[in-house]
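In: sequence and predicted structure, then a few things I'm wondering about:
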Amino acid sequence: MCTEGKQDEVKNLIKDERLCICAVLETHLKAHNIDKACKYVFRRWHWRSNIRNSPNSCRIILGWNNDIIKVTPIHEDKQVMFCLFELRDKPVSWFGSCVYASNNGRGRRKLWRELEIQSNITKNRPWIIFGDFTVTRRLNEHTAGGSFLTDEMHEFNDCVNKIEVDDIGSSGFHYTWTRSLKNPNCGILKKLDRILINEEFLTQFPQAYGRFLLYVISDHSPAVLGITKSQDAQKKSFRFMNYIAYKDGFRELVNEEWSKNIHGYAMFRVVKKLENLKKGLKSLNWKNGNLHEKVEALKADLKEIQKKVDDDPYEGALRKKATEVLEEYENAKMDELRLLYQKAKIDWLIDGDKNTKYFHSILKSRKHKSRVESICDENGNRYFDEQVAEQCVRHFQQFLGVADNTRPVEELGKYIF
C-alpha cells in the first residue's frame with residue numbers, strides 16, 4: 001500500500017466487494033505515511049496498525065466501518081492482531097486474528113505459541129484466523145514442492161490441530177501467492193494465505209464462505225470472507241443408512257422385494273427392485289426415530305434405573321429391568337456410531353472409539369466445504385445463493401438442448417436405403 005496504484009486497488013476492493021472490515025498486510029508503509037494512506041483508502045472508517053511492534057515498516061493495517069462493526073483490540077505484536085468484533089445492530093460477536101507470519105521458522109514458532117494462547121481465550125466462542133502464514137500445509141499447495149512435509153509444515157499443522165481450526169470452504173484461486181507476476185519464466189506458486197475457523201464460528205455462521213480473487217497487481221490473492229442468509233431446506237434424496245442392515249426385519253424385507261417378479265431387461269429389473277425397497281427401508285429407519293435423541297433418553301433411563309437398583313439391590317424385577325435398558329442403550333449407541341461412521345466417511349478409527357464430538361466436528365466441516373456458494377458463467381458473471389441452481393439448469397439446457405419436434409422413424413422409411 002506504499003503506492004497510489006496499490007491504494008486505489010484496496011479502495012476499489014472495499015467498494016466492489018462491499019466490505020465492512022479490511023486487513024492489509026505487508027504494507028511497506030513508514031510511520032509518517034500511515035495516517036495519510038489510511039485516510040485516503042479507508043475514508044470515514046476507523047483503522048489500526050501494528051507499527052509500534054514493527055517500527056521499520058508497518059506489517060498489518062486493519063480498517064473497519066465503525067457504523068456497522070465495533071472492534072476491540074485485545075493483543076497485537078509483529079505477526080498478529082487479535083481483536084473482538086461485534087455487530088452494532090445485533091447481539092453477534094466473534095474473535096478474529098489477523099496474521100502476517102514471519103518469513104523464518106524461529107519467528108513463526110512465536111506466532112504458533114501466541115495462537116495457542118489466544119485459543120484459550122476464545123474457548124467456546126467463534127474465532128476466525130486469516131492472513132498470510134508464509135508456509136504451506138500440504139504437498140499440493142506448492143508447485144515446486146517435494147515429496148514429503150518439511151519440519152515447518154509439520155509445526156504449522158501441529159498448531160492448527162492443537163487450536164482446533166480448519167480451512168473455511170472457499171472458491172477461486174487455489175494458489176494464493178506467486179513469486180513474480182512480471183517474470184513469465186517464474187512458475188512458482190504457493191497457497192500461503194488462508195481463512196481458518198473453529199467449530200463455534202461454523203455453528204454461528206453456517207453459510208460463511210471464502211473467495212480468493214485475482215492477483216491483479218499484488219503477488220498475493222485477495223481473500224474475501226462472505227456470510228450469506230440461510231437458504232430454504234431442499235428436499236433430500238434417498239440415502240441408505242448402513243446401520244439398518246443390522247436391524248431385525250431387514251433381511252426379510254430385502255428377500256420379499258427381491259423375490260417379486262418384474263418383467264423387463266435385467267438392469268431395469270434391478271433398478272425397479274431397488275426403487276421398491278426405498279419405502280420399506282425408510283419405514284425401518286423412521287421406526288428407530290432420531291438416534292441421537294434415543295441414545296440420550298436411554299442413557300437417562302439407565303441412570304435412573306441403576307440408582308433404584310442401588311437403593312433396593314434385592315429387588316429382582318429392578319435388576320432385570322436395568323439389564324434390559326442397558327442392552328437397549330448399547331444397541332442404540334452402536335447404531336449411532338455406525339451412522340456417524342457413514343456420515344463422516346471415516347473408516348480408520350477402531351470400533352471402540354466413541355468420540356462423537358469429534359465425529360460431529362468432522363461432519364460440520366465436510367458439509368460446509370461441499371457447498372457451492374457461487375458460480376461463474378461463460379461470460380465471467382458471478383452468481384450467488386439461489387441463482388447458483390438457476391444458472392446450473394440454464395447451462396445444461398444450453399449444453400444438452402431442449403425437447404424438439406420429431407417425426408416417427410416409419411415416416412422416414414422411404415428416405416432410408
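Out: Perfect, thanks for sending it.
In: S374: neighbour count?
Out: 17 (other CB atoms under 10 Å). (Each C-beta comes from the backbone N, C-alpha and C, glycine too.)
In: how about the helix or strand harbouring E26 as CSV, C-alpha atoms only?
Out: Assigned by DSSP states H and E, E26 belongs to strand 21-29. Output of strand 21-29 as CSV, limited to C-alpha atoms (Å, rounded to 0.1, in the frame of the first residue of the first chain):
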residue,chain,number,x,y,z
ILE,A,21,-13.7,-5.0,7.5
CYS,A,22,-10.4,-4.9,5.5
ALA,A,23,-7.0,-6.0,6.6
VAL,A,24,-3.9,-5.0,4.5
LEU,A,25,-0.7,-6.9,5.0
GLU,A,26,2.9,-6.2,4.1
THR,A,27,2.1,-2.5,3.5
HIS,A,28,5.7,-1.3,3.4
LEU,A,29,4.5,2.0,4.9
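In: for the next helix or strand after it, which residues meet the burial criterion?
Out: Later in the chain than strand 21-29, the nearest helix or strand by DSSP H and E is helix 31-42. For helix 31-42, the neighbour count (16 or more other CB atoms under 10 Å) marks 34, 37-38, 41-42 as buried.
In: ok, now stretch 77-96?
Out: Quick answer for stretch 77-96 (16+ other CB under 10 Å): 77-85, 94-96.
In: likewise stretch 109-125?
Out: Going by 16+ other CB under 10 Å, stretch 109-125 has these buried residues: 111-112, 114-115, 118-119, 122.
In: and for stretch 68-75?
Out: 69, 71.
In: which ones among the buried residues of stretch 109-125 map onto helices?
Out: Here DSSP state H is the test, and the buried residues of stretch 109-125 give 111-112, 114-115, 118-119 as lying in helices.
In: show me which of the residues you listed is closest to R137.
Out: W112 (12.8 Å; CB to CB).
In: how near is the closest residue to that closest one other than its chain neighbours to K273?
Out: Counting by CB to CB, 6 or more residues apart in numbering, W112 lies nearest to C159, which is 4.0 Å off, once chain neighbours are set aside. According to CB to CB, to the nearest Å, C159 stands 52 Å off from K273.
In: higher neighbour count, the two?
Out: C159 (20 against 15).
In: so that one belongs to a helix, correct?
Out: Yes. Counting by DSSP: H, G, I helix; E, B strand; the rest coil, C159 is part of a helix.
In: relative to N53, how far out is it?
Out: 20 Å.
In: now stretch 272-282: buried residues?
Out: 277, 280-281.
In: and which of those residues is nearest A223?
Out: For those, the nearest to A223 is L281 (43.8 Å; CB to CB).
In: name the element that closest one belongs to?
Out: Applying DSSP H and E, one finds L281 within helix 266-287.
In: flag every buried residue along the helix or strand following that helix.
Out: Moving toward the C-terminus from helix 266-287, the next helix or strand (DSSP H and E) is helix 291-311. Buried positions in helix 291-311, judged by neighbour count with 16+ other CB under 10 Å: 291, 294-295, 298, 301-302, 305, 309.
In: before we move on, back to that, which strands and helices sit next to the strand holding E26?
Out: On a contact count with 3 or more CB pairs under 8 Å, 6 or more residues apart in numbering; DSSP states H and E, strand 21-29 meets helix 4-16, helix 31-42, strand 58-64, strand 93-100, strand 127-132.
In: now these as CSV including mean pLDDT and distance to I375?
Out: Formatted as CSV, the helices and strands packed on strand 21-29 follow (pLDDT from 0 to 100; distance: least, CB to CB, whole Å):
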stretch, mean pLDDT, distance to I375
helix 4-16, 89, 18
helix 31-42, 92, 31
strand 58-64, 94, 29
strand 93-100, 95, 27
strand 127-132, 95, 24
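In: so, low pLDDT: which residues of the protein?
Out: Applying pLDDT under 70 to the chain flags residues 1, 228-237, 343-364, 366-369, 401-417.
In: domain ranges for it?
Out: 4-227, 242-354, 374-415 (automatic domain parsing).
In: ok, longest helix in the chain?
Out: helix 316-344.
In: what angle sits between that one and helix 291-311?
Out: Counting by axes from the mean of the first three to the mean of the last three CA atoms, to 10 degrees, helix 316-344 lies at 150 degrees to helix 291-311.
In: residues of helix 316-344 that come out buried?
Out: For helix 316-344, by 16+ other CB under 10 Å, it's 318-319, 322, 325, 329, 331-333, 335-341, 343-344.
In: packing partners of it?
Out: Right, helix 316-344 is packed against helix 291-311, helix 356-369 by 3+ CB pairs under 8 Å, 6+ apart.
In: ok, then the element right after the shortest one?
Out: This means helix 356-369. strand 374-376.
In: and that next one, how far out from the chain middle?
Out: 17 Å (CA atoms, centre = their mean, to the nearest Å).
In: hmm, who's touching the helix or strand that it is followed by?
Out: Under the assignment DSSP H and E, the closest C-terminal helix or strand after strand 374-376 is strand 382-384. With contacts defined as CB atoms under 8 Å, 6 or more residues apart in numbering, strand 382-384 is touched by 228, 373-377, 390-391.
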